[in-house]
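# following is a predicted model, sequence given first.
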Amino acid sequence: MLFADDDQESAEAARKSIVASAQRPDSAKRKDVSRRTDDDHPVQSFHDILADLGTLCRNRIRIPEFDSEFDKLTRATPHQQHVLDLLGVAT
């Protein structure tokens, strides 16, 4: 989901010396170029993900003729739903 390296542990293990600069794994380089994850989800910054999730809202609908009101949630896009699933948020 984010531009951060997915497999930082193996990158650290591949370093020959603690003072040697770390090399980015091929998966991170692919993610930078394609702007997609290996399972074809868009890669975004944390700020962009929050802005995208910020479009979800709850609308209170009031029908005076029937003296009734109810809440209607906006439907999440497939990408938003994937992010919510990763966070463990029930919708």
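Arrived safely.

# tell me which residues in the helix or strand harbouring H79 are buried?
In this structure, H79 sits in helix 78-87 according to DSSP states H and E. Within helix 78-87, the residues that qualify as buried by neighbour count (16 or more other CB atoms under 10 Å) are Q80, H82, V83. All C-beta spots, glycine's among them, are computed from the backbone N, C-alpha and C.

# give the next helix or strand downstream of the one helix or strand in the chain whose mean pLDDT sits lowest.
One helix or strand of the chain scores below all others by mean pLDDT, DSSP states H and E: helix 8-14, with a mean of 59. Following helix 8-14 in sequence order, the next helix or strand is helix 26-34 (DSSP H and E).

# starting at the chain centroid, how far to that following helix?
Taking CA atoms, centre = their mean, to the nearest Å, the mean C-alpha location of helix 26-34 is offset from the chain mean by 16 Å.

# next, the buried residues of whatever helix or strand comes next after that helix.
Counting by DSSP H and E, the next helix or strand C-terminal to helix 26-34 is helix 46-53. Applying a neighbour-count criterion of 16+ other CB under 10 Å, the buried positions in helix 46-53 are I49, D52.

# what's the answer for stretch 62-81, then?
Result for stretch 62-81 [16+ other CB under 10 Å]: buried residues A76, Q80.

# what's the end-to-end length of it?
Taking CA to CA, to the nearest Å, stretch 62-81 runs 27 Å from one end to the other.

# average pLDDT for that stretch?
For stretch 62-81, mean pLDDT is 93.

# which of the three states applies to the residue of the chain positioned farthest from its centre?
Residue farthest from the centre of the chain, counting by CA atoms, centre = their mean, is E65 at 41.8 Å. What DSSP: H, G, I helix; E, B strand; the rest coil gives for E65 is helix.

# and which of the buried residues of helix 78-87 is nearest Q44?
V83 (9.2 Å; CB to CB).
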